[in-house]
Structure formats: C-alpha cells, structure tokens
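# This is a predicted model, with the sequence first.
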Amino acid sequence: MTTEISKEEMLSLSHKTVDYALSKKADAVEVFSFMNSLTQVMTEGQSIANERLKEELGFSIRIIKGDSEGFSYCNKSDLESLKATADDALGIASVAPSNPGLRLPKPSKYKQISGIYTSSVANLTIDELIEDAKTILTPMIEATVDVRTNLSSLTKQEEWYGIVNSQGVEAFEKSNNYAGGFFVVPREGEKVGSFVFDDFFTHDPKSVDLTKFGKELTQRAVRNISAIAPSKIESDTVVFQKDSMFNPIGIVIFQAIAAHNVLQQRSMWKDKLADTVAIQEFSMVDDSLNSDIGGGARSFDDEGTATKQTSIIKDGILENFLFDELRASKMNATSTGNSWRSLGGPRFMNPPSNIFPNAPIIRGGDQTYEELLEDIKTGITFEYFSGSFRAENGIFSGVAKGAQLIENGELTTPLVNVTIGGNILGLLMNITGMTKELECSNGFMRTPKIKVKGINISTQN
C-alpha cells in the first residue's frame, strides 16, 4: 500500500470527526475508513493485454439524529474535508424520513484472524503476475484448436479498513489476496464453442498450481468444440458444479436468511425458523473467522460488530437468520455480524445496508465425484446458471451453461441450448448425493457438488 496515510492517521482522523459531529448535536456518529490497492494483469486472446495499478482512499460518515439517518462520503484525508462531509451527513439526517430502530453497535472483542494478510501476497511484483499469466496461457497456445481468453485477469489486492463510532467502537483490519478469473472461448475453423470460465482465490500464491489450472481450462474449452444441441433429454437428474451451487442455490438461500427480507416478507423461509428446509445430510454455516474459506473472512462487519461462526442450517433444520444492527433492533434480536456496505465497488461509497454471509460453507457428503455420478443412467451436469430466480418463493429458471450429458455414470457429450427450472424449496429436499471434496466458488463460498432429482430439464430445439 503506497498511499501516504497510516493506520494511526486513519483512526485519529475518524475520532476527531466523531467528536466534531457530536459537537454539532448528532445523536450517534460512525466513521468508516477504507483503502484499497489493486495490481492487475489482464489477458486478451493468447497474450498479455495490459497492466493496471489502482488505489482508492475514502471516508464515509453515517449520522443518526432522532430516528433519522444521514450518510455522506469523500475521497480526501484531511480533517476539514471530513468535517464538511459530516456537515453534509447532518443535513441529510435532518430531512431524512423516520426509521425507528436505528442504532450503532457497542464495543466488542474482536478475534484476530490469521492468514487474511500474508507477506507472500504483499511481496508479489507486477513482473511475477505477468509470468504467472504466461504460465496459464501456455497450454492455450499449445492447444490443437484455437483457444483464447477474453476479459481475463490476475489480481493482487490489499485492503485496509477501520470503523470508529460514538459508542466507543474502534476496529481496524487489513487483508490481501491473490486471485484469477479466466473466460476462455475455443474456435476451430468456422466453429465456435461455448465459453468456459474458472477462477481461484487465495492468501497463499504457492497453493495454486497455475500450470494445472491452465491445462484444465484449456481441456474444457477444447471439449466444448464438440457440443451438441439435444432434441430431448429424458431425465430430471442434475449434478450442480461449484459455480452453479453459488448461483442459483447459494444466492437464493442467502436472500432467504437475510433479516431484511424476512422482515419485509420477501423470504421463502420467513416462517420456517426451526423447521426442516433440507435433507438431514445438508448443513450450512457462516464460518466468518476462517480464512481458508474465501474472501469474506473478517473479524468485524461493516458496522463494527464482531463476527462469529453462525450455524444457518444444521442437519436440514433452519437454525438462524442473519442480522445487522437495524434489523436486529426491529426484530428484538442480536446482530450476527453480517452487515455489508457493498457487494461490489468501493465500500466507503455506500452505507451498511446489505445483509450477507461472510464466509459460508456447505458441509460435504460421503461420496467421491465418481461415486456421485455412477448410478445416473441419464442426466446432466452444468457449471453456470444464466437466468432468473425469485427469492420470495425459490423458483428459478434459466440456461444451464457448460452442460454435459451423463450416461451410465460417465460424462459423455458437451451440451448447448439446455434450460433447467425448479424450486430451491423442493431442490434442497431432493438432494440424493453430495461429494466429500469442497471447492471454493466465486472466491467466497466453500461447497460440495450435489446431485438432485426433480429438476425440469428442457431443450431449445
């Protein structure tokens, strides 16, 4: 991080801004400070396209006055600018609508998380990122068909973030990571195969076998050259791969357990707490302090509430919803430490308004991937879902991308123009197998592959 501001300066400015806003008759004040440094190498085709260095610094101020809230932010780090931003937030609070239940968290003990900041990531140079990208591209260059990347990148990222509020909270944390995301399209003459995608996320660059990553991505792309559009598929059995576990299954579950959706009657599980919502073998936990899971591990959430391990579904039973401070106050509950400011973009530019798991994990089953497939006479597996879903009832429908036909326990033919549909409510009760091995999806969720019956499979021919 090269921005010329230290942790001590960030927190000192935050404290002084809190004091200033209180002197202006604010009832409660929160200052969020954030720095982000990104080093990125992008590829296009079979070569390095460009390099990007980006740094962001910002402070946001949230003020509560009565039952109203004001929010403002700036990307400057001098006290006068922060005072002006506090004045803006005070002005907004004075005209904002009433929202009873607004509150800021009180101080709590934060557990230090090992492994979310490592010197091995911090010391990565742009030249090393370029060489890593070349390693991934090499199998594509050597492929028997034309395999090219599109909108692909390797990224080294570092974040510093802190929260100071008028309740006595002072929290600070820094993290870094090394991540890659590669879209690959195969071509052979006039024939263009469907794209494939894979990604990785880690705090330990040595844990990623880049040669293997590039080879497997290339092999999948070459396989897709021979994809067919089937006229009909006589089956209702689907195997969900890691990314199709995240979307639609994970996203619908995350919305169902978020307290704001429960409060507004938009959750499919709004009245299902302590009820059976999945097969007995299915369990999900938000393991917020576990840096091995993905990018969301953190010791405090975006309001300054200490995070923890929260059981969401245990042995098929829905055990907990997830809360921030506002919804906890409205529902006579306690915040679970799951407040998020933004699920994309600079975090300081948004108030904490989202509720989301930090580091979700779905427990594995008792089968290898081969065992999961072996009793399937006919079915499909797919990698990505492109479609729509409704969080209030769990219904989903869309295209199964990266699909393959399963016949007599073997993967046989790549498929295109296949759509699937169903209901997450029914899907979780019709799981017939889960792998032992867990994979990281979207740099965020650890999940097994699962096998499900009762899915509507159709073709577009």
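Nice, thanks for sending it over.

# Quick check: residue 175 is in a helix.
No. Following the definition DSSP: H, G, I helix; E, B strand; the rest coil, residue 175 is strand and is not counted among the residues of a helix.

# Stretch 350-366: end-to-end distance?
The stretch stretch 350-366 measures 42 Å between its terminal residues, going by CA to CA, to the nearest Å.

# Show me this structure divided up by domain.
In terms of domains, the chain is parsed into 7-222, 227-461 (source: automatic domain parsing).

# Which helix or strand lies directly C-terminal to the least confident helix or strand in the chain by mean pLDDT?
One helix or strand of the chain scores below all others by mean pLDDT, DSSP states H and E: strand 191-192, with a mean of 88. Using DSSP states H and E, the next helix or strand after strand 191-192 towards the C-terminus is strand 196-202.

# export that following strand as PDB, just CAs?
What follows is strand 196-202, C-alpha atoms only, in PDB (Å, rounded to 0.1, in the frame of the first residue of the first chain):
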ATOM      1  CA  VAL A 196     -15.700 -21.800 -20.200                       C
ATOM      2  CA  PHE A 197     -14.700 -20.000 -17.000                       C
ATOM      3  CA  ASP A 198     -12.700 -20.800 -13.900                       C
ATOM      4  CA  ASP A 199     -11.300 -18.700 -11.000                       C
ATOM      5  CA  PHE A 200      -9.200 -19.000  -7.900                       C
ATOM      6  CA  PHE A 201      -8.800 -17.000  -4.700                       C
ATOM      7  CA  THR A 202      -6.100 -17.400  -2.100                       C
END
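
# In CSV: the domains of the chain, plus mean neighbour count.
Glycine gets a C-beta too; all of them are placed from N, C-alpha and C. Formatted as CSV, the domains of the chain follow (neighbours: other CB atoms under 10 Å):
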stretch, mean neighbour count
domain 7-222, 18
domain 227-461, 19
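
# mind listing the strands for the stretch 51-200 of the chain?
Remark: strands of the stretch 51-200 of the chain, listed N- to C-terminal, are 68-74, 146-165, 170-188, 191-192, 196-202; assignment by DSSP state E, counting those that start in this stretch.

# Could I get the pLDDT score of residue 3?
As predicted, residue 3 sits at a pLDDT of 59.

# and what of residue 461?
The predicted structure scores residue 461 at 66 on the pLDDT scale.

# For stretch 319-338, which outside residues touch it?
99-105, 257-260, 262-263, 273-274, 286, 288, 300-301, 303, 305-308, 310-313, 339, 352, 355-358 (CB atoms under 8 Å, 6 or more residues apart in numbering).

# Quick check: residue 318 touching residue 277?
Yes. Under the criterion of CB atoms under 8 Å, residue 318 lies in contact with residue 277, with a separation of 4.7 Å.

# what touches both of those two?
When contacts are counted by CB under 8 Å, 6+ apart, residue 318 and residue 277 are jointly contacted by residue 269.

# show me the contacts for the closest residue to residue 425 other than its chain neighbours.
Using CB to CB, 6 or more residues apart in numbering and skipping residues adjacent in sequence, the residue nearest residue 425 is residue 394, 4.4 Å away. For residue 394, the contacting residues are 252, 256, 268, 423, 424, 425, 426, 427, taking CB under 8 Å, 6+ apart as the criterion.

# Dihedrals phi and psi, residue 442?
Recorded main-chain torsions at residue 442 are phi 60, psi 30, according to degrees, to the nearest 10.

# cool, and residue 18?
Main-chain torsions, residue 18, degrees, to the nearest 10: phi -60, psi -50.

# And it, how far from residue 51?
As for residue 18, its distance to residue 51 is 39 Å (criterion: CB to CB, to the nearest Å).
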